[in-house]
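Participant: here is my input; please provide its structure:
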Amino acid sequence: MPRAIRLQKAGGPEVLQWEDVEVGAPGQGELRIRHTAVGLNYIDVYHREGSYPLPFPTGLGVEAAGVVEAVGAGVSGFSAGDRVVYAGGPPGAYAEVRLLPAARAVKLPEGISDEIAASVFFKGVTVEYLIRRCHEVKKGDTVLWHAAAGGVGTIATQWLRHIGATVIGTVGSDEKAARARENGCSFAINYRKEDFVARVKEFTDGKLVSAVYDSVGKDTIMGSLDCLRPRGILVSFGTASGPTPPIDLAALGARGSLYVTRASVAHYTAQRDEFEAAASAVFSMLKDGHLKIDAPTVYKFDDIVQAHRDVQGAKTTGSIVLLP
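Facilitator: As a prediction, this is how the structure comes out:
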């Protein structure tokens, strides 16, 4: 019988428990997928802790690659044996076999391994919408990206370099600073040692940046606003350090008619055509060699608790996959 993580309540990594589960035939519009690699993303931590509440009991995990075992009624474009990758939909990727709405899956092109796909797809479509549709970064723009050596940041800095933007990144160690520079940051700031607002002002000769991408939240959000030039935009898409404090709208005017958005990948990939276009853009960046993806850090399914502890303790860089 296949196994899956089922959460009965929110909490620390210790609430992650494997259970034997029955996985039936796919229903209308569904695929049954046997996973070959599962992506671990920081949103999984938010779901586990209850920061992004889920109805309990629940599965966990929003990204995986695998093989289609069966196709439900009303599904077109997929057949048993197809290699697929998916992102989004009902949490439940932490499983050996699962049912998934076919609308959340795309076929995986030849030349992209299951491990790479599971480690990069969700992050890739996240970067795509953030820098091309939520706010379009153009050649010559200067942007600030927090957590530049993380899984999303590693992809973003390379993509932004390909566009021709100047990227300033913040990181938590000198080692991560070196990694960020290798991946496309013109400047990397170790926020544990330096005042990132002061350094941004220095790097830009006081001109500041047109956009800040902030997945850190509480610890950085007000400083992020101080890094924006007039009419710049703060794109908040995560709260790794905790929930963001309230922002006084008058403060946006005082700083230069700033814009702020709280963006979610769910809203930017809800339409099938937008989801397919985002996936196609990610696959093209990979196949054309514009994204150099290091082999992900690998944990076995049985080591899931330690994987979550390491991610939350900032002990990892790049992407992480779980293998059956």
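Participant: for the residue nearest in space to the middle of the chain, give its distance to K201.
Facilitator: Compute the mean C-alpha point of the chain, and by Cα atoms, centre = their mean the closest residue is K123, 3.6 Å away. Noted for K123: a distance of 30 Å to K201, by Cβ to Cβ, to the nearest Å. All C-beta atoms are positioned from the backbone trio N, CA, C, and that covers glycine.
Participant: contacting residues for K207?
Facilitator: The contact partners of K207, taken as Cβ atoms under 8 Å, 6 or more residues apart in numbering, are T142, R229.
Participant: and if you look at the one 10 residues further on?
Facilitator: Contacts for G217 were tallied using Cβ under 8 Å, 6+ apart; they are S236, G238, T239, A240, S241, G242, P243, T244.
Participant: for E175, state which of the residues you listed is nearest.
Facilitator: Nearest to E175 among the contacts of G217: A240, at 18.5 Å, using Cβ to Cβ.
Participant: and for the nearest residue to the closest one once chain neighbours are set aside, the neighbour number?
Facilitator: Leaving aside its chain neighbours, A240 sits nearest to V216 (5.1 Å; criterion: Cβ to Cβ, 6 or more residues apart in numbering). Here the number of neighbours of V216 (other Cβ atoms under 10 Å) works out to 23.
Participant: let me see the contact set for V216.
Facilitator: By Cβ under 8 Å, 6+ apart, the neighbours of V216 are H146, A147, G238, T239, A240, S241.
Participant: can I get those residues in JSON lines including neighbour count and pLDDT?
Facilitator: Below are those laid out as JSON lines (neighbours: other Cβ atoms under 10 Å; pLDDT from 0 to 100):
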{"residue": "H146", "neighbour count": "29", "pLDDT": "97"}
{"residue": "A147", "neighbour count": "27", "pLDDT": "94"}
{"residue": "G238", "neighbour count": "22", "pLDDT": "89"}
{"residue": "T239", "neighbour count": "20", "pLDDT": "85"}
{"residue": "A240", "neighbour count": "21", "pLDDT": "82"}
{"residue": "S241", "neighbour count": "15", "pLDDT": "86"}
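Participant: hang on, the earlier thing: roughly how far out does the helix or strand where the residue nearest to the centre of the chain lies sit from the chain middle?
Facilitator: Here K123, judged by DSSP states H and E, is contained in helix 114-129. In terms of Cα atoms, centre = their mean, to the nearest Å, the centre of helix 114-129 is found 7 Å from the chain centre.
Participant: who's in contact with the following helix or strand past that helix?
Facilitator: Following helix 114-129 in sequence order, the next helix or strand is strand 142-145 (DSSP H and E). Counting by Cβ under 8 Å, 6+ apart, strand 142-145 makes contact with 137, 153, 156-157, 160, 165-170, 185, 196, 200, 204, 207, 209-213, 224, 227, all of which sit outside it.
Participant: kindly report the same for stretch 298-311.
Facilitator: 3, 5, 13-14, 16, 18, 38, 40, 42, 44-45, 48, 94, 96, 115, 316, 320-324.
Participant: hmm, try it at 6 Å
Facilitator: Residues from elsewhere that reach stretch 298-311, judged by Cβ atoms under 6 Å, 6 or more residues apart in numbering: P13, L16, L40, T316, V321, L322, L323, P324.
Participant: could I get the full set of helices for the stretch 151-300 of the chain?
Facilitator: 151-163, 174-182, 196-203, 221-226, 249-254, 265-268, 272-287 (DSSP state H, counting those that start in this stretch).
Participant: reformat the contacts of V216 as JSON lines; add distance to A277.
Facilitator: Below are those laid out as JSON lines (distance: Cβ to Cβ, whole Å):
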{"residue": "H146", "distance to A277": "26"}
{"residue": "A147", "distance to A277": "26"}
{"residue": "G238", "distance to A277": "23"}
{"residue": "T239", "distance to A277": "28"}
{"residue": "A240", "distance to A277": "28"}
{"residue": "S241", "distance to A277": "32"}
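Participant: coming back round to it: buried among the contacts of strand 142-145? Make that a PyMOL selection.
Facilitator: Of the contacts of strand 142-145, the buried ones can be selected in PyMOL as follows, counting by 16 or more other Cβ atoms under 10 Å:
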select buried, resi 137+153+156+157+160+165+166+167+168+169+170+185+196+200+204+209+210+211+212+213+224+227
